[in-house]
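Student: Can you look at this prediction? I've put the sequence above it.
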Amino acid sequence: MFKPERLVRITIQVPAQFISVATATLARFKLLHLVRIGETHLGHLGYVAETDGDLLEEFEGLFKGIKVLLEALEIRPEPIALSELIIPEKEIFKTRERLGEVTQEVESVMNDLRITREKLLEKETLRDKLDFLPPDLDLSRLLSCQFVNWMIGLVPARGLEKLQESLLEVHRAFIHIGTLGQRAVILVFGLRGDWPIFERALRGAFFEKIEIPTQVSGTAAEIMENLRSEIAKLGEKKKELSRQREIFQKKFGAELLILKEKIIQSRNILSARRHFGKIDKSYLISGWIPERLFEALKEELTKATQGQVVIEKVDPEDVREVREGIIRIPILFNNPMLISPFERLSGLYGTPRYKEVEPTIFFALSFLLMFGMMFGDVGHGAVLFFLGHLIFRRFYKYVDYGIILMECGIVSALFGLLYGSIFGLEDVIPAVWFRPMDNISYFIKVVLALGVAMVSLGVVLNLINALRLREYESLLSTTGLAGGLFYWGLVGLGVKYLITGKLVPAELTVFGWVAAVLMTIIILHRPLYLLMVKKERIGEVVKKEGFFTEIVESIVELFDGIIRYVANTISFIRVAAFALAHAALFIAVFSIADLVAHEKGGGIFYWLVLAVGNVVIILLEGLVVSIQAVRLEYYEFFSKFFRGGGEKFRSFDREIGSEERRL
Amino acid sequence: MIARVLKYSFAQAKTRALKGRLLSAEDWHFLLRCKNPEDVLKYLSGTDYAAALSHLPKGKPEAKVLSLALYDELFRDYAKLLKAVPKKSSSLLKALLSRYEAENLKTILRGIWEGKSPSEIRFYLYHLGSLSRFPVAGLLQLQEIPGAIELLKSTIFCSPLVHALPQFKAQGKLFPLEVAIDITVLGHIVEVLKSLGGHDRKGTEVLIGELIDSENLCWLARFRHSYGLSPEEIINYVLPGGKRLGIRDLGTLARSRDLTSFLEALPQPYREALMQAKDWPEIQPLFQRWFLVQLYEVFRKDPFQIRLQLSYLLLREIEVKALDGLVSALNLGEPIEEFLEFISLPVIGGVRV
């Protein structure tokens, strides 16, 4: 949890005839970060990547086909876990045949449904357009005009003035009968002899003619009646076809999802071979896997290839390129289910290096704590929890956000209990701890203590990182042990003063001396490191180029560092500020509700204002509080210890997915 | 007043500094004596255009590549001024810039219509980069026009294009869509102008009005002379919102029998400015020369309003167009004297301020 998963670099050599089963086995393990052989030194030895392009293309075609089918049948995507071994060379036959059978069975109904929908849309659009005609307008009479031509249609409303101007010099009748969106519905009459002028003008005005069927007779009302009856019939047909589609959904839904997963896996396996190296009749695969999976993988591969496989394992420390800093060991997070969704948020700041402390657990816990403190309300917590639960159950792609929201809801409700607040009502449940609005100064002390704890944790994590990464020099710097001790001394004095209200001069003297020593160490940390660890002579150190520049830099860094410590700690006051803002928003909502309660029908408005107000608070405050919590994490906490620059572990399927997109 | 001064003090200083970098009469003297495009390039590499031209491939660049590179300098100025002016007034500069988005859109639609590949189409697009939020990548992947229009849902062009679609289908040519794009983008500038605050709106109204008049006159001349369209069709393609030319005036102009009656129907001061025109293609350069004077005049007036930045950008645009024209003329081997008839330069007519 505090460290990324321990990985080992593996190299697998397998004969060409077993490459399908070997890849399938690797695909089942998923937790393999592939390394392109061509990009390693083995690439220079003649190992060249090779995959069956035609087969891959065929799977691409099948994938497009099944996507169309799933969309047509409106089958929602769901995660499918396949337990069987996928061998693309065999899978293509099964999938092709089955997909063909299903398509044949559903095709006519789906086509019929599509055509019916199109027709329905067409008729409905015509109905909307004709809806503007005066009901008593006799179209049969219009259609029988001999010396006059007419047209009904739409023009952009802005162009009406221009259209009138363009027809200024001809006899015309121009009736604006309604508006549809940004367009005007117009009826234009003109003499047959002038009609070419009308056509040119209407063409320029982007006129869209509404086609009135020539065989219609009667008034506009009668035509509309016919249209409505046709629409009703088409609606019925659509309903019946949709019912049939639902039957197909039930019949083929699960099977099609499995087929789709098989196609994806087959495609992944084939694409993965682009990462492999091939020489003569032997394939070479290389990548990183969690150490705990190595034996199981070895066993499975040996079984699948009838023992004709050579697997080598190398510890990261023994990989030459790693030692030389040419390649980085990927980072595979190893957090429990409730914490892992926060990897998305901590990952936005950067990916830790392999030996760094993995900060997600600290991020998750402190984020939830701060969120709860700022957003403490039982009712709002419950709403967040249910929203999160809804996302968790309904939108599998956003499961992580669902979990985060549920956890935020729980801590928010817990702090609601501590603050005695439920939907802003503070007289329903007692406050187990305190009410923020009544104890502002106490709250500020609490959040300052939180700030001290977070900054201190940051310093400790930085020390651990410095030791793990052997950055001993930084132990003596502002962000290291020397800076930490200075900070803690300062905090100690502050706490003493807050508790007793005074400081003894001796304490200040002692702190002054300690501070002076620590500041000197910080300023001279570079030369001290060279003298003590690198065992260089004092004369050499002083004569080094840039010695005095470094000292000046250290002095500036020292003052910058001290200001940062204080600023980082004080920044946590925003936790109290936003908790108070949360309470203040409630006061505002209740004040507005009380105002409207005195109006006529005020009872309803009172509750309406409360409901709308609560929704606004949940959305607005929820967003603001999340942003503030993340901000505190990134700027005040992570900046103390996080180095970053690591490479994310890309599991087998993800790596292939991104490769596909690149191609 | 104080608020305006505070808001525009940096922008006006920046704009004046940029104006100082426009090509001078001396620059044009030497540029007009260049024998080939390479000489023009060589001379420009010692001017503000050096940065934009530094990305060109070595050797003799293709005319289109060179033309697009020259426009890069204009877009760089847009980027600088968009950062410098107050946010509300920047919408006007963005609207002005959207004319190039419109040009790109027309190029893309033309490319799709002609079945060109995405890379071929991209080659002809203005390099607007982050200045444009247009879904260019998505558009380039499409192979049919209605799909492309669907993708433009979030832009000002969608509904006008949807409205022009029936005519596009009926006529089987892109012309209705291209006209719809032009009308929309210039109409958008007028709309944005209306949303500006007091001084900015009042100060800019005249310039934008004259810009619209300029476009209308050019379109009237081009549609009539080059495309041979009928008056009743042309009237529908003009833009409302001009300074001196209303729909009724434009209708009269469109119906005029010949160039003489066209010029006589013009209101002053346009009549005087265009009186020398002997043929329809001369309308545009003559009007532009007159407009150039109006743009320079702005630099003598109250500088604490968006009008100053607008004038500068239009000046730079005219300069880039003139350079583009010069390079094209040299590429085609046309005599420079003929070319001079059709461009507006600060040296001509002693307009330089």
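Tutor: Arrived safely.

Student: any idea whether residue A:174 is helix, strand or coil?
Tutor: strand (DSSP: H, G, I helix; E, B strand; the rest coil).

Student: any idea how far the closest residue to it other than its chain neighbours is from residue B:160?
Tutor: Nearest non-adjacent residue to residue A:174, counting by Cβ to Cβ, 6 or more residues apart in numbering or on different chains: residue A:188, 5.7 Å away. Where C-beta positions appear, they are placed from N, C-alpha and C, glycine not excepted. Separation of residue A:188 from residue B:160 (Cβ to Cβ, to the nearest Å): 21 Å.

Student: out of those two, which sits in the busier spot?
Tutor: residue B:160 (25 against 20; other Cβ atoms under 10 Å in any protein chain shown).

Student: Can you tell me how far that one is from residue A:157?
Tutor: Counting by Cβ to Cβ, the separation of residue B:160 from residue A:157 is 12 Å.

Student: closest point of chain A to chain B, which residue?
Tutor: residue A:204 (3.1 Å; Cβ to the nearest Cβ).

Student: Touching, that residue and residue B:235? I think so.
Tutor: Yes - contact criterion Cβ atoms under 8 Å: residue A:204 and residue B:235 qualify, at 7.0 Å.

Student: who's more crowded, the two?
Tutor: Here residue A:204 and residue B:235 are compared on neighbour count by other Cβ under 10 Å; more neighbours surround residue B:235, at 30 against 27.

Student: and the more buried one, what is it in contact with?
Tutor: Shown in contact with residue B:235 (Cβ atoms under 8 Å, 6 or more residues apart in numbering or on different chains): A:162, A:165, A:166, A:201, A:204, B:247, B:250, B:251, B:254.

Student: Before we move on, what's the pLDDT of the residue in the stretch 101-250 of chain B positioned nearest to chain A?
Tutor: Going by Cβ to the nearest Cβ, chain A is nearest to residue B:236 of the stretch 101-250 of chain B, at 3.1 Å. Here, the pLDDT recorded for residue B:236 equals 91.

Student: That one: how many residues sit nearby?
Tutor: Residues near residue B:236, counting by other Cβ under 10 Å, number 26.

Student: now do the one 5 residues further on
Tutor: For residue B:241, the number of neighbouring residues by other Cβ under 10 Å comes to 20.

Student: Now that it has come up, it's in contact with residue B:192, right?
Tutor: No - with contact taken as Cβ under 8 Å, residue B:241 and residue B:192 are classed as non-touching, separated by 11.3 Å.

Student: Chain B contacts on chain A?
Tutor: For chain A, the contact set with chain B under Cβ under 8 Å from any Cβ of the partner chain comprises A:154, A:156, A:158-159, A:161-163, A:165-169, A:181-183, A:197, A:200-201, A:203-209.

Student: Now list the buried members of the residues you listed.
Tutor: Among these, those buried by neighbour count (16 or more other Cβ atoms under 10 Å in any protein chain shown) are A:154, A:156, A:158-159, A:162-163, A:165-167, A:183, A:197, A:200-201, A:203-208.

Student: Out of those, list just those in strands.
Tutor: Among these, the ones falling in strands (DSSP state E) are A:154, A:156, A:183, A:208.

Student: I'd like the residues you listed written out as CSV, with distance to residue B:326 added.
Tutor: Shown next, in CSV, are these (distance: Cβ to Cβ, whole Å):
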residue, distance to residue B:326
A:154, 46
A:156, 39
A:183, 44
A:208, 44
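
Student: Just list what the longest helix along chain A packs against, helices and strands only.
Tutor: Counting residues, the longest helix in chain A under DSSP state H turns out to be helix A:220-272. For helix A:220-272, the packing partners by 3 or more Cβ pairs under 8 Å, 6 or more residues apart in numbering or on different chains; DSSP states H and E come out as helix A:19-29, helix A:53-72, helix A:88-130, helix A:652-662.

Student: Tell me how many other residues crowd the nearest residue to residue A:452 once chain neighbours are set aside.
Tutor: Ranked by Cβ to Cβ, 6+ apart and with sequence neighbours excluded, the top spatial neighbour of residue A:452 is residue A:491, at 5.3 Å. Neighbour count of residue A:491, defined by other Cβ under 10 Å: 19.

Student: and what of the one 4 residues further on?
Tutor: The criterion is other Cβ under 10 Å. On that basis, residue A:495 has 14 neighbouring residues.

Student: give me the element it is part of.
Tutor: Using DSSP states H and E, residue A:495 sits within helix A:481-500.

Student: Can you tell me which of the contacts of residue B:235 lies closest to residue B:23?
Tutor: Nearest to residue B:23 among those is residue B:250, at 34.3 Å by Cβ to Cβ.

Student: With that, I have no additional questions.
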